[in-house]
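Peer 1: After the sequence you'll find the predicted model.
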Protein chains: 2
Amino acid sequence: MDLDLRKLRYFVAVAERRNFGRAAEQLYIAQPVLSRQIRAFEQELGCTLLVRTTRSVELTAAGKQLYEEAQGILAAVATAVRRVHDADRGVQRLTVAFSPGLHVSDVIRAFTSRHPDVETDVVPTRWWEQDAPLRDGRAQVGYLRRPFDDAGLRTISIGHEPRVACMPAAHPLAGRDELTSADVAGERLLDTPTRRTSSLEEKFELIASGHGIGLVPLSIARSYSRPDLVHLPVTDAPEIETCLAVLADRREKLLRDFLEIATATLRH
Amino acid sequence: MDLDLRKLRYFVAVAERRNFGRAAEQLYIAQPVLSRQIRAFEQELGCTLLVRTTRSVELTAAGKQLYEEAQGILAAVATAVRRVHDADRGVQRLTVAFSPGLHVSDVIRAFTSRHPDVETDVVPTRWWEQDAPLRDGRAQVGYLRRPFDDAGLRTISIGHEPRVACMPAAHPLAGRDELTSADVAGERLLDTPTRRTSSLEEKFELIASGHGIGLVPLSIARSYSRPDLVHLPVTDAPEIETCLAVLADRREKLLRDFLEIATATLRH
DNA sequence: CGAGATCCATGCCGTCAGGGTATCAATGAC
DNA sequence: GTCATTGATACCCTGACGGCATGGATCTCG
């Protein structure tokens, strides 16, 4: 829970050198200090990180895991500090999250041409937690595909796309040219994405293995075409919605500008 | 640089409450302590985070930025601790990075059916730094599309895909049915992805605006089709390669198993 | 096999960061 | 003008972190 970054850095040094003395030297502290700190760290975490003999130091499974996690944490801290300094110098920054298959470059370009001083960045989301980057502060605005967890989010619909029904090639309906929602009403639909059952790809996996049929946006169906699946237009299905989303309590001018530019850009 | 997580938590508490007294109460420390800690934190960072009057506390731009960054950092720390405990209890874990447009579910499924005890996860990469998740420990194996920075990586080619030439609809060659590499030899090619100039989308942007033509994998071309771009097969172009990549010094059995299953799964 | 080298752990000590209490100063409410 | 609220300052104490000296274990080498 309460993890100390200093001790984490110490651990990383030992993990990389596999030698307390050299690590201590590199850290500009005395070796006994390092021994104690690492031991204290292990006690705080409640598990052994290193197997020491007088001749060797090896990582336990927990130690290996921690070493991997440490990379990301320390990198995140470093970029955080840099960005805070940037912000202090007046640099503005906007990060846009986008879900698989969505295109954001038009809007990013329009936005940066209007705000050349603002640092922009994009970050891909995972299909089953599209809202995560917005909620944990990695992004301030998202291009997301419904449905997603929109509690606490303000959303603006920015486009529709036909849904197509996706089913195994061997499915009774697969021979048809097009379907109506009445046709698919009797079928088992795979719609709600959950962590375990469906990344986007796994959704197609489930469909291919006969667990049901899916209604997916046309562009996604096109890019994920597989020989064992067929896609059929559903003539009267409600179109699928693409949204802009921001945290509901955000009111910054920069965000308003982005939303305005984004919605304006869309009507070509 | 050397950021203290305790102080970061303190800052978050104040940022959320916008009140030192309440924040201190929530943190179970005395209010004067909190005042001093925050001030020390500001001095360490070298910039002001909060504007205090006796009646109100407001965030500066730097403070807002830090608050956003803090969310991600503290979340990352929490999951790191959880994963270390899991690893200590013997839970194994494998995270697969995949570049836009690649499909990993077949292999993930095959792998999890062989190793039901192993926690698997996938993480999308950004087009212009496909190797990043491998290098910072967020993933142990990647499904990447060449070219990427493979220094220190071990790669296994797992597939080829035809390249198609992508150019503006107004381009002289756009009327042709297909091209040879001789046709594109005289053209300005946009190939190396760099941070500023090209996310995948921005690459198409550049192409559309006449900065050159691109050679892209067929499946990508299909999913990113736009009215102002045309895609033409290049009959004799070398096919584009999809790779598995792992850090060169990784030799874990789990990784070897994954690579084996992955290569076996691919030859259907 | 014994001497020396190497390496991590332990004991003991000093310093300073972090936490507590008491109190002041500034501001807004009435 | 009085009082409540809130952040800052002053002063003290405890304990974590660092240093040094040294012990104990193991490997190497003659």
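Peer 2: Structure's in. What do you need? Numbering: from 1, shown residues only, chains lettered A, B, ... in the order given.
Peer 1: where exactly do the helices run in the stretch 101-250 of chain A?
Peer 2: A:105-114, A:132-135, A:181-185, A:200-208, A:218-223 (DSSP state H, counting those that start in this stretch).
Peer 1: Ok, which of these comes nearest DNA strand D?
Peer 2: DNA strand D lies closest to helix A:132-135 among the helices of the stretch 101-250 of chain A, at 26.3 Å (C-beta to the nearest atom of the strand). Using the backbone N, CA and C atoms, a C-beta is placed for each residue, glycine as well.
Peer 1: In a markdown table: the helices of the stretch 101-250 of chain A, plus distance to DNA strand C.
Peer 2: Conversion of the helices of the stretch 101-250 of chain A to a markdown table gives the following (distance: least, C-beta to the nearest atom of the strand, whole Å):
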| stretch | distance to DNA strand C |
| --- | --- |
| helix A:105-114 | 37 |
| helix A:132-135 | 28 |
| helix A:181-185 | 58 |
| helix A:200-208 | 45 |
| helix A:218-223 | 50 |
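Peer 1: which one of these lies closest to residue B:75?
Peer 2: For residue B:75, the closest of the helices of the stretch 101-250 of chain A is helix A:132-135, at 9.3 Å, according to C-beta to C-beta.
Peer 1: mind checking how far the closest residue to residue A:30 other than its chain neighbours is from DNA strand D?
Peer 2: Leaving aside its chain neighbours, residue A:30 sits nearest to residue A:24 (6.1 Å; criterion: C-beta to C-beta, 6 or more residues apart in numbering or on different chains). Applying C-beta to the nearest atom of the strand, to the nearest Å, the value for residue A:24 to DNA strand D is 7 Å.
Peer 1: got the contact list for residue A:24?
Peer 2: A:30-31, A:33-34 (C-beta atoms under 8 Å, 6 or more residues apart in numbering or on different chains).
Peer 1: filter these to the buried ones?
Peer 2: Burial by neighbour count, 16 or more other C-beta atoms under 10 Å in any protein chain shown: within these this picks out residue A:34.
Peer 1: Among the contacts of residue A:24, which lie within strands?
Peer 2: Per DSSP state E, strands hold no members of the contacts of residue A:24.
Peer 1: Okay, and which of the contacts of residue A:24 map to helices?
Peer 2: Within the contacts of residue A:24, residues falling in helices by DSSP state H are A:31, A:33-34.
Peer 1: And for the closest residue to DNA strand D within the stretch 101-250 of chain A, the neighbour number?
Peer 2: The stretch 101-250 of chain A approaches DNA strand D most closely through residue A:249 (19.9 Å), counting by C-beta to the nearest atom of the strand. For residue A:249, the count of nearby residues is 7 (other C-beta atoms under 10 Å in any protein chain shown).
Peer 1: show me what contacts it?
Peer 2: By C-beta under 8 Å, 6+ apart, the residues touching residue A:249 are residue A:152.
Peer 1: and the contacts of residue A:24 near DNA strand C, which?
Peer 2: Near DNA strand C, judged by C-beta under 7 Å from any atom of the strand, the entries from the contacts of residue A:24 are residue A:31.
Peer 1: out of the contacts of residue A:24, who's nearest residue A:109?
Peer 2: Once C-beta to C-beta is applied, the member of the contacts of residue A:24 that ends up nearest residue A:109 is residue A:34, at 50.5 Å.
Peer 1: Might you report the residue contacts of that closest one?
Peer 2: Taking C-beta under 8 Å, 6+ apart as the test, what residue A:34 contacts is A:10, A:13-14, A:20, A:23-24, A:27.
Peer 1: Return the subset of those lying in strands.
Peer 2: Per DSSP E, strands hold no members of these.
Peer 1: Any chance of CSV for these, columns pLDDT and distance to residue B:93?
Peer 2: Shown next, in CSV, are these (pLDDT from 0 to 100; distance: C-beta to C-beta, whole Å):
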residue, pLDDT, distance to residue B:93
A:10, 94, 24
A:13, 92, 24
A:14, 92, 22
A:20, 90, 27
A:23, 91, 26
A:24, 92, 30
A:27, 91, 29
